[in-house]
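Chemist: Any chance you can model this:
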Amino acid sequence: MSDWTAPARGGIGAMLAVGVALLPATGRAWIYPEHRDIAITAIAKLPSADRAALDRLWVGARAAIPGRLCESLDAGDQGTRPGCIDFAAWAALAGDHSCSPLHLTRDVLPGEWVLRVAAVGAETKAALQKAVGRVATLNAVATSNLALQRADADYATRAGANNAHFLLPRVEGGGTEYVRASIGAGAPLNAMGLYVQYHLAALAAAAALASDPPSDESARAAQALDVLALEGYALHWLEDAFSAGHVVGTWGSTPWRKGTHDYYSEFGLDTVDWTGHRITVFGDANLKPADLDRASAAVSRSLMQLVQALRPGDALAAGAGGFGPGFSAMFAFDSCTEERQPASEGGQRLPISFWEGVSTTPVPGRGQGEVHLPRFRDELGPFGGVFASIAGGPAWGGPGGSGTRGAGSISVGARVGFGMEGVTGSVGTGLAFAEVGLEMATSQLDRCEGSSCSGLGSTSLFPRVPARTGLRLGLRVPFWLIPGDILLLGPVLLLASPFLASKVGVAAASGGFIPYERSLRTGAGIFQVVLGREVQATLYGYLGDSTIPLLVTPVAETPSGPQYGVLALKSVALAFPVVEWTPFRTFATQIAFSLQFQLGFGVELPLSKQVLYPTGQTAPAVPPSWSVFLRLQSDGRYFFGSREDLQPPRG
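Modeler: Numbers count the residues shown, from 1 in each chain. Below is the predicted model:
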């Protein structure tokens with residue numbers, strides 16, 4: 001990054017670390033209200049006898065967390081301020097807001113913040129229903145992500161070690177062979193494998209409860225809670241298996257995985273399920289009626305298997321009892337940090353009814369090195385770029401200045417930085433870069449009227465400030481609470497507590513502790529408050545002796561009036577953009593280009609001064625010069641990394 005100051009290096013390094021911390025959070029499937037809606041629809045599809053049996057199990061479980069769980073399994077529309085959590089919400093809380101059934105029941109459900117998460121989910125659903133067009137939808141999703149981060153402090157940094165929410169790439173053979181590969185001991189953690197593990201653990205736990213129920217009422221309630229927690233946790237992964245962005249594969253670098261995930265989630269995927277039936281699927285924040293019907297049918301079948309496990313002699317429950325590490329181990333199995341599937345012995349003894357239960361999931365795409373679907377990249381990761389700008393506005397103050405004058409400049413230069421547009425969902429909010437370039441400023445003439453226009457400071461021969469060229473340095477870094485704090489907090493927290501550094505960095509990249517600086521998409525472009533996030537410093541007179549500005553200005557007072565002389569002045573001009581409007585931006589594969597208008601203010605401070613004529617004269621005091629500017633800027637970025645969309649398949 002060239003010869004930047006240590007704080008700048010630390011700040012950009014901190015943002016790089018924050019970006020890495022954010023990456024795993026990009027892989028979640030259906031958003032909270034979609035997960036819950038799928039479960040609600042699935043419960044409504046249950047036969048009346050199965051629904052009654054599940055209700056009885058729920059009544060028992062409610063006693064384990066008094067006052068928190070709703071009376072009904074599916075409480076329906078709770079408004080934007082839910083006062084309780086229903087079973088349908090457990091599929092949304094699993095994986096995204098908890099790391100295991102144990103974590104869900106012991107920490108998340110009893111906690112106060114879970115109601116705030118439910119409220120954000122309800123608000124997001126209402127916002128999406130009102131959204132008209134793509135821009136409004138993207139704004140609603142970005143707002144939801146930021147609100148969830150505030151409600152659940154660990155939201156963005158949870159699930160940092162694996163691709164558990166995705167399906168494994170397709171293997172040869174049919175659905176049965178694919179499921180066997182997904183649950184194989186040591187296989188990478190994946191959505192299908194986790195569903196099977198948690199679901200079969202739930203069946204085994206249900207069979208154990210039915211065959212030998214505890215005599216103590218509180219023990220029965222706790223055991224019923226654990227059974228439902230295992231199944232609710234399993235349903236999250238089953239629902240994930242129906243999201244288009246999670247069907248197309250996990251392989252490749254994070255920017256390509258994220259871009260591919262987002263593209264197919266939004267624009268859909270034409271594929272087949274394991275029965276050969278042609279289907280079109282969508283994904284996160286784009287749940288369609290067909291997706292809801294398809295996923296809820298599979299979830300309903302899963303719940304029916306749970307109810308059947310409560311009845312003596314169920315063959316699937318008997319097979320589940322000998323599968324995997326056992327329901328006690330799966331109850332504590334951490335889906336956020338584990339990387340490999342646990343033991344899966346006994347899968348060959350499962351009845352055919354189980355394999356049929358997952359046959360309606362979409363057939364996933366193939367893996368790296370094979371013929372695959374087109375892939376897309378996101379604006380995520382390190383980049384190099386160039387910029388050019390033209391600015392103008394009024395200025396006042398400075399050497400001998402008494403009025404307002406016009407000021408203008410053009411700039412060109414290069415940037416290096418880190419982009420997180422796709423992660424935050426708020427364009428420009430998490431952007432960090434350092435820049436170096438040249439700024440060429442026009443001469444500044446005093447405003448004048450009549451005969452005064454021939455005076456000093458109002459002509460091209462003797463302007464108030466001459467034309468000059470300076471070295472421009474700039475920095476854009478998100479902040480957490482006050483401008484620049486990430487430059488200090490980032491390096492310190494990275495050494496002291498990487499986890500805490502990630503949490504602070506996530507908040508900064510999402511608009512700050514008080515997120516008033518997140519961007520807003522509109523039909524006219526993207527608007528953002530950037531005050532405190534971006535600053536430029538232009539050094540005048542430091543590119544060689546020939547670039548030192550020479551000013552004709554009063555250098556002393558005499559009885560007959562001011563004595564004029566020639567002053568050599570070195571200075572630094574600081575520019576602080578306040579509001580940014582981006583009417584045009586585009587991104588193609590690895591190149592981003594945008595046009596921005598920035599409105600801001602600046603101040604120029606003298607650093608050194610010397611009177612060249614008359615010799616021996618002491619340099620006069622030079623006050624700061626202030627300005628307001630409107631800047632038009634073009635910005636091009638090239639994101640580093642290989643072209644994964646052009647890698648040819650093997651053989």
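Chemist: Quick check: can you list the domain ranges of this structure?
Modeler: Domain assignment for the chain, taken from automatic domain parsing, gives 6-16+379-548+572-608+622-644, 32-357.
Chemist: nearest spatial neighbour of W396, skipping sequence neighbours?
Modeler: T404 (4.9 Å; CB to CB, 6 or more residues apart in numbering). Placement of C-beta: from N, CA and C, glycine included.
Chemist: neighbours of the one you found, just the number please.
Modeler: The local packing of T404 (other CB atoms under 10 Å) involves 14 other residues.
Chemist: how near is it to A88?
Modeler: Per CB to CB, to the nearest Å, T404 is found 64 Å from A88.
Chemist: Then E604?
Modeler: From E604 over to A88 (counting by CB to CB), the distance is 61 Å.
Chemist: do A621 as well
Modeler: With CB to CB as the criterion, A621 and A88 are 72 Å apart.
Chemist: what about the two, which has more around it?
Modeler: In this view A621 and A88 are compared by other CB under 10 Å, and A88 has more residues nearby, 26 against 7.
Chemist: hang on, that one in a strand?
Modeler: No: following the definition DSSP: H, G, I helix; E, B strand; the rest coil, A88 is helix and is not counted among the residues of a strand.
Chemist: Spell out the secondary structure type for the nearest residue to it once chain neighbours are set aside.
Modeler: Residue nearest to A88 in three dimensions, not counting chain neighbours: A39, with 3.8 Å by CB to CB, 6+ apart. When the structure is split into helix, strand and coil by three-state DSSP, A39 lands in helix.
Chemist: Which helix or strand lies directly C-terminal to the helix or strand encompassing Y263?
Modeler: Using DSSP states H and E, the element containing Y263 is helix 254-267. Going down the chain from helix 254-267, the next helix or strand is strand 269-272, by DSSP H and E.
Chemist: just how off-centre is that following strand within its chain?
Modeler: For strand 269-272, the gap between its own C-alpha mean and the chain's C-alpha mean amounts to 27 Å (CA atoms, centre = their mean, to the nearest Å).
Chemist: buried residues in that strand?
Modeler: Taking 16 or more other CB atoms under 10 Å as the neighbour-count basis, strand 269-272 is seen to contain the buried residues L269, T271.
Chemist: tell me what that strand is packed against?
Modeler: helix 244-247, strand 278-281 (3 or more CB pairs under 8 Å, 6 or more residues apart in numbering; DSSP states H and E).
Chemist: Identify each buried residue in whichever helix in the chain runs longest, please.
Modeler: Among the elements of type helix in the chain, defined by DSSP state H, the one spanning the most residues is helix 217-240. Taking 16+ other CB under 10 Å as the neighbour-count basis, helix 217-240 is seen to contain the buried residues 220-240.
Chemist: wait, A508 sits on P483?
Modeler: No: under the criterion of CB atoms under 8 Å, A508 lies out of contact with P483, with a separation of 10.8 Å.
Chemist: who has more neighbours, the two?
Modeler: In this view A508 and P483 are compared by other CB under 10 Å, and A508 has more residues nearby, 28 against 17.
Chemist: so which strand or helix has that one?
Modeler: Mapping A508 onto the secondary structure by DSSP H and E places it in helix 498-509.
Chemist: do the same with A210
Modeler: Using DSSP H and E, A210 sits in helix 191-211.
Chemist: what's the burial count for I43?
Modeler: Residues near I43, counting by other CB under 10 Å: 22.
Chemist: do the same with L646
Modeler: Burial measure for L646: 8 neighbouring residues, criterion other CB under 10 Å.
Chemist: Could you do W274 as well?
Modeler: The local packing of W274 (other CB under 10 Å) involves 18 other residues.
Chemist: roughly how far is the helix or strand where L471 lies from the heart of the chain?
Modeler: Secondary structure assigned from DSSP H and E places L471 in strand 468-476. Averaging C-alpha positions (CA atoms, centre = their mean) puts strand 468-476 30 Å from its chain's average.
Chemist: just so I know, which of the domains of the chain lies nearest V566?
Modeler: Smallest distance to V566 across the domains of the chain (CB to CB): 10.5 Å, for domain 6-16+379-548+572-608+622-644.
Chemist: where does the stretch 351-500 of the chain have low pLDDT?
Modeler: Counting by pLDDT under 70, the stretch 351-500 of the chain shows low-confidence ranges at 400-402, 422-425, 448-461.
Chemist: Spell out the residue ranges of the strands in it.
Modeler: Using DSSP state E, counting those that start in this stretch, the strands assigned to the stretch 351-500 of the chain run over residues 380-397, 404-420, 432-441, 468-476.
Chemist: Please save the CA atoms from the last one in PDB.
Modeler: In other words, strand 468-476. Presented in PDB, the C-alpha positions along strand 468-476 are these (Å, rounded to 0.1, in the frame of the first residue of the first chain):
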ATOM      1  CA  ARG A 468      -0.600  24.700  -8.100                       C
ATOM      2  CA  THR A 469      -0.100  20.900  -8.100                       C
ATOM      3  CA  GLY A 470      -0.100  18.800  -5.000                       C
ATOM      4  CA  LEU A 471       0.300  15.300  -3.800                       C
ATOM      5  CA  ARG A 472      -3.100  13.900  -2.800                       C
ATOM      6  CA  LEU A 473      -3.400  11.200  -0.200                       C
ATOM      7  CA  GLY A 474      -6.700   9.800   0.900                       C
ATOM      8  CA  LEU A 475      -8.300   7.200   3.200                       C
ATOM      9  CA  ARG A 476     -11.800   5.800   3.500                       C
END
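Chemist: That one versus strand 432-441: what angle between them?
Modeler: For strand 468-476 against strand 432-441, the angle between stretch directions is 160 degrees (axes from the mean of the first three to the mean of the last three CA atoms, to 10 degrees).
Chemist: Other residues contacting strand 468-476?
Modeler: 4, 8, 11, 411, 413, 415, 417, 431-441, 530, 533-543, 547, 549, 573 (CB atoms under 8 Å, 6 or more residues apart in numbering).
Chemist: Neighbouring strands of it in the sheet, and parallel or not?
Modeler: In the sheet, strand 468-476 lines up against strand 432-441 (antiparallel), strand 534-540 (antiparallel) (DSSP bridges).
Chemist: chain center to the first one, what's the gap?
Modeler: Right, strand 432-441. Taking the mean C-alpha point of strand 432-441 and that of its whole chain, the gap between them comes to 27 Å (CA atoms, centre = their mean).
Chemist: and the angle for it with helix 498-509?
Modeler: Strand 432-441 and helix 498-509 are oriented at 40 degrees to each other (the same axes, to 10 degrees).
Chemist: before we move on, what about the shortest one?
Modeler: With the same axes, to 10 degrees defining the directions, strand 534-540 sits at 80 degrees from helix 498-509.
Chemist: Show the subsequent helix or strand relative to strand 534-540.
Modeler: Read in the C-terminal direction, the helix or strand following strand 534-540 is strand 550-558, with elements assigned using DSSP H and E.
Chemist: Please identify the buried residues of whichever helix or strand comes after that next one?
Modeler: Reading on from strand 550-558 to the C-terminus, the next helix or strand found by DSSP H and E is strand 561-588. If you call a residue buried by 16+ other CB under 10 Å, then strand 561-588 has these buried ones: 564-565, 567-573, 575-577, 580, 582, 585, 587.
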